[in-house]
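K.L.:
Give me a model of this one.
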Amino acid sequence: MSDVFISYKRENLAAVTRLVEALRAEGIGVWWDQDIPPNAAWEATIESALAEARLVIVAWSPASVASDNVKAEARWARGQGRLLQVFVEACEPPLFFGERQGVDLKGWSGAATDAAFLTLLQALRAGPTPTPAEAAPALAQSSQSAPSLPSKPSIAALPFADMTGSEGQDYFVDGMVEEITAALSRIRSIFVIASSSALTFKGKGIGAQDAARQLGVRYVLEGSVRKAAGRVRIAVQLIDANDGVQVWTQRFEDTLEDVFALQDRVALAVAGQIEPTVQAAEIRRAVARPTENISSYDLYLRALPRLRTSSRAGVGEALDLANRAIALDPGYGLALGLAASCHALIVTFGWSDDPEGDTRKGIELAHRALTAAGGDGFVLAVVAMVVAFLERDVPAAIGLIDQAIALNPGSALAWMWSGNLRQMTGDLDLAIEHIETALRLDPMGPDRATLVLNLGNARFFLRRFDEAASHFKELVQRAPDNPMGYTSLAAAYGHLGRTSEARAALAGFRTLSPLSPADFAQLWSPFMTAEQLQLFLDGFALAEGEERSEGSPES
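P.N.:
Model (predicted):
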């Protein structure tokens, strides 16, 4: 294995020769095409050397930027975390390579003491960035078998590169991915992976083809976002994961005041490449502008990840941000729905100092959201759960969630809550089917904690306690500040007779809630049948009874 493979064009032979000689003088093992022996198979030799090299130096120049071979080698190296870029002539790097820092060797004479050359040496000796397996071991372990491809065109929008030029702008870049994904998911002829799952690849150095394999899709969308001086530019490329070929690329630019139109245009262009038969009018009708107030939109994007923590502090922060968004735009349906969700969680988790007041406020916000954006599938899904949890009208909630799925059949959130609602009515088989549909659409996103809770509950109520405990254990690991995970796990372990584990789960619950497990379960009693509630209460009694019988009274 060589230390370095050098990719370049013959027009830059003199500059690259100086680089090879200087690196070898420093003890760096270099492979370049001048090392190919006579009569060797040219392409096979290059491919073997490329695969075996620890790092790949790409020498950019106008000639190499125009070379399909050099760009293919650069894309492969970037996907493997092995890319180092040098500039031997002035040029604009290819699309999606400008966000990576390169070493400026323009005019370099070959001196080993040159500052730029020393920078390159330092990078070479530091070694490659982590490979996908090293960078994301948990992800690799959770993807033991790749999902099969759906029967229709499938796509995942991977995390976009942040080129905004300032700290703390990740939420904006991620929000662009979420909005584009939401627009695509409304197209019935396309299977779309939820943005929350795709965003788990952020910063992991995983190549497009590997990400597509793990998510079970044929196409991946990559991109970058630059936001400066009141304007935003999005560069996107569509990759066929079957062979890694770039099938389409384009740049979009507009003012921040018209960011939603820009998102619509990106979604429209991507959909047109994947499924030419999809009519542009269908997308335009489906994608409604949620708000014209960009500051309100920013606040909403900041609130989303905090709500998904399901922790007391996170939900409180999300509510504050949502309230600020509503103050700027009182008719912003997404922010109204998010605020209503916060009140619902505060009440149902027993965190409210004024349950009646929070219930009234949550219901009011939900109805305002429905009035403002009743045609938005996401808003309908959120309002459905508020109607179920706070108004306690499960049939009405099921009607809303069915509308949400009809409007947006690619929404993992809608399928998740549909499963939860069916579980409340005792239709456990349908509940499991809908929850598993949500997991297929969003296998690795932040809502997975809620999905495994609902799946665990359904199997708990079917008295499959061992399977349920496995789900509840994952919930506790993913959302350690969610008290429901601990009570559910304690009840399952109680039925299984696993005393010490039940005791540990109860201890975890007591650090998060002032209520007893039984009183906490009573908060959720309107959402369970009498038999389901009793099954939880029996589990708690078994767990706590075991504690007392072993001389460990409840404190």
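
K.L.:
where do the helices sit along the stretch 251-400 of the chain?
P.N.:
259-274, 280-286, 294-307, 312-328, 333-348, 355-373, 377-386, 394-407 (DSSP state H, counting those that start in this stretch).

K.L.:
and the second one, what's its mean pLDDT?
P.N.:
It stands for helix 280-286. The average pLDDT within helix 280-286 is 38.

K.L.:
before we move on, the earlier item: format the helices of the stretch 251-400 of the chain as a markdown table; extra columns: distance to Val452.
P.N.:
(Glycine included, C-beta is placed from N, CA and C.) Conversion of the helices of the stretch 251-400 of the chain to a markdown table gives the following (distance: least, C-beta to C-beta, whole Å):
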| stretch | distance to Val452 |
| --- | --- |
| helix 259-274 | 30 |
| helix 280-286 | 30 |
| helix 294-307 | 18 |
| helix 312-328 | 18 |
| helix 333-348 | 17 |
| helix 355-373 | 25 |
| helix 377-386 | 17 |
| helix 394-407 | 19 |
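
K.L.:
Which of those helices comes out lowest on mean pLDDT?
P.N.:
Lowest mean pLDDT of the helices of the stretch 251-400 of the chain: helix 280-286, a mean of 38.

K.L.:
Tell me which of the helices of the stretch 251-400 of the chain lies nearest to Val220.
P.N.:
With C-beta to C-beta, the closest approach to Val220 among those belongs to helix 259-274: 10.7 Å.

K.L.:
Looking at the helices of the stretch 251-400 of the chain, spot the one closest to Asn454.
P.N.:
helix 377-386 (11.4 Å).

K.L.:
Could you list every helix and strand that that closest one packs against?
P.N.:
Helices and strands touching helix 377-386, by 3 or more C-beta pairs under 8 Å, 6 or more residues apart in numbering; DSSP states H and E, are helix 333-348, helix 355-373, helix 394-407, helix 412-424.

K.L.:
Against Ser197, how distant is Pro443?
P.N.:
According to C-beta to C-beta, to the nearest Å, Pro443 and Ser197 sit 5 Å apart.

K.L.:
before we move on, what about Ser352?
P.N.:
Going from Ser352 to Ser197 by C-beta to C-beta gives 32 Å.

K.L.:
Confirm that Asn39 sits in a strand.
P.N.:
No: Asn39: not assigned to a strand; according to DSSP: H, G, I helix; E, B strand; the rest coil it is coil.

K.L.:
mind starting the numbering at 8 from now?
P.N.:
Will do, 8 is the new start, and the previous item becomes Asn46.

K.L.:
Which pLDDT value belongs to it?
P.N.:
For Asn46, pLDDT reads 77.

K.L.:
And for the one 10 residues further on?
P.N.:
In the prediction, the pLDDT value recorded for Ala56 is 84.

K.L.:
Which of the helices or strands spans it?
P.N.:
Using DSSP states H and E, Ala56 sits in helix 49-59.

K.L.:
so what secondary structure elements neighbour whatever helix or strand comes next after that helix?
P.N.:
The helix or strand immediately downstream of helix 49-59 is strand 62-67, counting by DSSP H and E. In terms of contacts (3+ C-beta pairs under 8 Å, 6+ apart), strand 62-67 is packed against strand 11-14, helix 20-32, helix 75-86, strand 90-94.

K.L.:
so which of these is the most packed in?
P.N.:
Highest mean neighbour count of these: strand 11-14, a mean of 24 (counted as mean count of other C-beta atoms under 10 Å).

K.L.:
before we move on, back to that, neighbour count winner among Ser359 and Ser204?
P.N.:
Each of Ser359 and Ser204 has its neighbours counted (other C-beta atoms under 10 Å); Ser204 has more, 22 against 16.

K.L.:
Can you name the residues bridging to the residue nearest to Arg258 when sequence neighbours are not counted?
P.N.:
With C-beta to C-beta, 6 or more residues apart in numbering as the criterion, Arg258 has its nearest non-adjacent residue at 4.8 Å, and that residue is Ala242. Counting by DSSP bridges, Ala242 is bridged to Ser231, Arg258.

K.L.:
Let's have the helices and strands packed on helix 384-393 in CSV, adding distance to Thr256.
P.N.:
Output for the helices and strands packed on helix 384-393, formatted as CSV (distance: least, C-beta to C-beta, whole Å):
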stretch, distance to Thr256
helix 340-355, 30
helix 362-380, 33
helix 401-414, 31
helix 419-431, 28
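
K.L.:
and Val322, what does it touch?
P.N.:
Arg313, Leu314, Thr316, Cys349, Leu352, Ile353, Trp358 (C-beta atoms under 8 Å, 6 or more residues apart in numbering).

K.L.:
can you pick the most crowded of the residues you listed?
P.N.:
Counting neighbours by other C-beta under 10 Å, Cys349 leads the contacts of Val322 with 28 neighbours.

K.L.:
and whichever strand or helix holds Phe543, which residues are buried?
P.N.:
Secondary structure assignment for Phe543, by DSSP H and E: helix 537-556. Neighbour-count burial for helix 537-556 flags Gln539, Leu540, Leu542, Phe543, Leu544, Gly546, Phe547, Leu549, Ala550, Glu551, Glu553, Glu554 (criterion: 16 or more other C-beta atoms under 10 Å).

K.L.:
thought Leu530 was touching Gly357?
P.N.:
Yes: with contact defined as C-beta atoms under 8 Å, Leu530 reaches Gly357; the gap is 5.8 Å.

K.L.:
what do the two both touch?
P.N.:
Common contact partners of Leu530 and Gly357 (C-beta under 8 Å, 6+ apart): Leu522.

K.L.:
re the thing from before, next, show the common contact partners of Pro450 and Ser204.
P.N.:
With C-beta under 8 Å, 6+ apart as the test, Pro450 and Ser204 both reach Leu222.

K.L.:
ok so, going back, what is the nearest of the buried residues of helix 537-556 to Leu407?
P.N.:
Nearest to Leu407 among the buried residues of helix 537-556 is Gln539, at 22.4 Å by C-beta to C-beta.

K.L.:
how close does that closest one get to Glu371?
P.N.:
30 Å.

K.L.:
what do you get for Gly338?
P.N.:
14 Å.

K.L.:
for the buried residues of helix 537-556, which one is nearest Arg510?
P.N.:
Of all the buried residues of helix 537-556, Arg510 sits closest to Glu554, with 5.6 Å by C-beta to C-beta.

K.L.:
re the thing from before, what separation is there between the residue nearest to Arg258 and Arg85?
P.N.:
15 Å.

K.L.:
burial count for the residue lying closest to Ala476 once chain neighbours are set aside?
P.N.:
Leaving aside its sequence neighbours, Ala476 sits nearest to Ala499 (C-beta to C-beta, 6+ apart; 4.0 Å). A count of neighbours around Ala499, defined by other C-beta under 10 Å, yields 31.

K.L.:
and Ala499, what element?
P.N.:
Ala499 belongs to helix 490-503, assigned by DSSP H and E.

K.L.:
Tell me how the chain divides into domains.
P.N.:
Domains of the chain are assigned by automatic domain parsing as 11-136, 153-293, 297-352+362-380.
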